[in-house]
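In: Quick check, what structure comes out for this input:
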Amino acid sequence: MKKPELLSPAGDIERLKVAFAYGADSVYLGGEAFGMRSKAGNFTMGEIDEGIKHAHSLGKKVYITANICAHNDDLVEMEAYFRELERLNADALIISDLGVFDLAKRVAPNTDIHISTQANTTNHGSVEIWRQLGAQRVILARELCLNEIREIKMKAPNVELETFVHGSMCMAYSGRCLISNFMNNRDANRGHCSQPCRWSYMLVEEKSGDGIPVYEDEHGAYIFSSKDLNMIAHIPDLVNAGIDSYKIEGRMKSSYYVGIVTKLYREAIDDYFIDPELYTSKIPYYQAEMSKMSHREYTTGFYYGKVTGEDYAYYDTEQIRIQDYLAIVDSYDESTGFCIVEQRNKFDIGEKIDIIRSSGDTYTQEVKTMLDKNGANISSAPHPKQKIQLKVDTPVNQFDMLRRSFCGNN
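Out: The predicted structure is shown next:
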């Protein structure tokens, strides 16, 4: 049984390196145009080059998004863009539009093509047609259940299948949302979604008086806002469905999110392939650690069949936050026991912190000694992205992360 690929998001070069440090087999990222996340950090061509070289030095892969609903004027610039990506040895282009697909085949013939979830592929006939046209992989619509995916794999066995397993969900079918365009002229299908599904609404039906229930809390009513997908407790079912690549959503999320979610899925997949009973015994641990991330309530989405509003819709856009991301390690000096960290949230001398290692177990220590960039003792790290020298009890590596310890706050 082949172990599935773990595919993580990379919103910028730091998150790309974090994803690989924490166990991703591959990443997907966007350039400065043609992707569906224009508000992510995204990559210049120089950064794409750096990211691809870094990935290939580790034996890993980089996939580039070009999955907008393209208009005529996009095609001219895409031609030069695809030629350059092939020159840089990108591993695949992620595409949803048939015209863009044809262009990529002509101008970048040696680069694999993955069909985006934006193409709304929901059946084995479409998967097989994409294969015949030259696609190596299809990222299936998120609205499919495991039984449908299993049937697609049986009837189209020569195509790799990729599905989302974790992260934010869109209220529109496979992300093809028109609300953003309608409300403020920002086209979600060209990468400019303003995320109106996370806004508060008041629903009024003037003539019949009929309508849908609107649930409200102290923050408002969020009738379009979805729960977050979380399939970490269902790895065996994903494996049995024949899914080749497990995709984590989140190009606009933090390095902390990318690192921790990737680390947990890496551990869960590896544990299952070592011993299914080991994996089963650790499900409470995976879920407990996942609950420490900022998140909306979790759901299994459409994987187990038709969903109800209770399964899918979450009526509060506020994320659940238990532990704060404090800093990321830049370097470590073994001779002094000090590491240099870049601050993300304020923390103080005397606090208990967790140090999450990209390879190795998390450990907890008290913040005892901190120095500023000039070597002077400080009692607090209050400034965003402040570089701090921190005394640590155990050696750390670049991209290890600090978070406020939950046990330390009790």
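In: Please parse the chain into its domains.
Out: 5-175+225-312, 325-409 (automatic domain parsing).
In: Need the winner for burial among those domains.
Out: Ranked by mean neighbour count, these are led by domain 5-175+225-312 with a mean of 19 (mean count of other CB atoms under 10 Å). For glycine as for every other residue, the C-beta is placed from the backbone atoms N, C-alpha and C.
In: right, and residue 167 touches residue 252 too?
Out: No - using CB atoms under 8 Å, residue 167 makes no contact with residue 252, being 10.1 Å away.
In: contacting residues around the closest residue to residue 111 other than its chain neighbours?
Out: Nearest residue to residue 111, sequence neighbours excluded (CB to CB, 6 or more residues apart in numbering): residue 86, at 4.9 Å. Contacts for residue 86 (CB atoms under 8 Å, 6 or more residues apart in numbering) come out as 107, 108, 109, 110, 111.
In: that's a helix at residue 86, yeah?
Out: Yes - looking at residue 86 with DSSP: H, G, I helix; E, B strand; the rest coil, it is inside a helix.
In: can you offset everything so residue one is 23?
Out: Taking 23 as the first residue, the last one we looked at is residue 108.
In: What sits closest to residue 353 if chain neighbours are left out?
Out: Leaving aside its sequence neighbours, residue 353 sits nearest to residue 362 (CB to CB, 6+ apart; 5.0 Å).
In: part of a strand, is that neighbour?
Out: Yes - membership of residue 362 in a strand is supported by three-state DSSP.
In: So it sits against residue 392, correct?
Out: No - using CB under 8 Å, residue 362 makes no contact with residue 392, being 11.0 Å away.
In: anything in contact with each of the two?
Out: Taking CB under 8 Å, 6+ apart as the criterion, residue 362 and residue 392 both touch 410, 411, 412.
In: List the ones among those residues that fall in strands.
Out: Those of the shared contacts of residue 362 and residue 392 mapping onto strands are 410, 411, 412, per DSSP state E.
In: And residue 104, how close does it get to residue 118?
Out: In this view, residue 104 and residue 118 are 15 Å apart by CB to CB, to the nearest Å.
In: For residue 131, which three-state class applies?
Out: Using three-state DSSP, the structure places residue 131 in coil.
In: I misspoke; the intended subject was residue 350.
Out: Looking at residue 350 with three-state DSSP, the answer is strand.
In: Who are the contact partners of it?
Out: For residue 350, the contact set (CB under 8 Å, 6+ apart) comprises 36, 40, 277, 278, 363, 364, 366, 421, 422, 423, 424.
In: From residue 383, how far off is it?
Out: Look at residue 350 and residue 383: by CB to CB, they are 18 Å apart.
In: and if you look at residue 188?
Out: Applying CB to CB, the value for residue 188 to residue 383 is 22 Å.
In: unless I'm mixing things up, residue 89 is touching residue 117, no?
Out: Yes - Residue 89 is within contact range of residue 117, at 5.9 Å (criterion: CB under 8 Å).
In: what residues do these two have in common as contacts?
Out: In contact with both residue 89 and residue 117: residue 138, using CB under 8 Å, 6+ apart.
In: Which residue is the nearest non-sequential neighbour of residue 395?
Out: Leaving aside its chain neighbours, residue 395 sits nearest to residue 409 (5.4 Å; criterion: CB to CB, 6+ apart).
In: Check residue 88 too.
Out: Nearest to residue 88 is residue 56, by CB to CB, 6+ apart, at 4.4 Å.
In: swap in residue 288?
Out: Excluding its sequence neighbours, the residue lying closest to residue 288 (CB to CB, 6+ apart) is residue 45, at 3.0 Å.
In: and if you look at residue 73?
Out: Excluding the flanking residues, the one nearest residue 73 by CB to CB, 6+ apart is residue 38, at 4.8 Å.
In: neighbouring contacts of whatever helix or strand that neighbour lives in?
Out: If you go by DSSP states H and E, residue 38 is part of helix 35-43. Contacts with helix 35-43, where a contact means CB under 8 Å, 6+ apart, come from 30-32, 49, 51, 63, 65, 69, 72-73, 76-77, 80, 82, 84, 273, 276-277, 280-281, 284, 350, 380-381, 419-421.
In: quick one: pLDDT of the closest residue to residue 367 other than its chain neighbours?
Out: Closest residue to residue 367 apart from its sequence neighbours, by CB to CB, 6+ apart: residue 346 at 4.7 Å. At residue 346, the pLDDT value in this model is 85.
In: Could I get the contacting residues of residue 346?
Out: For residue 346, the contacting residues are 367, 425, 426, by CB under 8 Å, 6+ apart.
In: Report the contact partners of the first one.
Out: Counting by CB under 8 Å, 6+ apart, residue 367 makes contact with 346, 347, 348, 349, 426.
In: which residue packs closest to the last one, ignoring adjacent ones?
Out: The shortest distance from residue 426 to any non-neighbouring residue, by CB to CB, 6+ apart, is to residue 346 (4.5 Å).
In: so how far is residue 83 from that neighbour?
Out: Distance of residue 346 to residue 83, given as CB to CB: 32 Å.
In: go on, residue 374?
Out: Distance, residue 374 to residue 83, by CB to CB: 38 Å.
In: now swap in residue 298 and tell me
Out: Residue 298 sits 27 Å away from residue 83, going by CB to CB.
In: now do residue 366
Out: Per CB to CB, residue 366 is found 28 Å from residue 83.
In: so residue 73 sits right up against residue 83, yeah?
Out: No - at 10.7 Å, residue 73 does not count as touching residue 83 under the criterion of CB under 8 Å.
In: anything in contact with each of these two?
Out: Taking CB under 8 Å, 6+ apart as the contact rule, the neighbours common to residue 73 and residue 83 are residue 49.
In: At which residues are the strands of the stretch 73-222 of the chain located?
Out: For the stretch 73-222 of the chain, the strands defined by DSSP state E, counting those that start in this stretch occupy 83-87, 114-117, 134-137, 159-161, 182-189.
In: before we move on, what about the stretch 323-432 of the chain?
Out: Secondary structure of the stretch 323-432 of the chain (DSSP E, counting those that start in this stretch): strands located at 347-355, 360-365, 369-370, 374-378, 385-388, 392-393, 399-400, 402-403, 409-413, 423-426.
In: which SSE is residue 295 in?
Out: Using DSSP H and E, residue 295 sits in helix 277-296.
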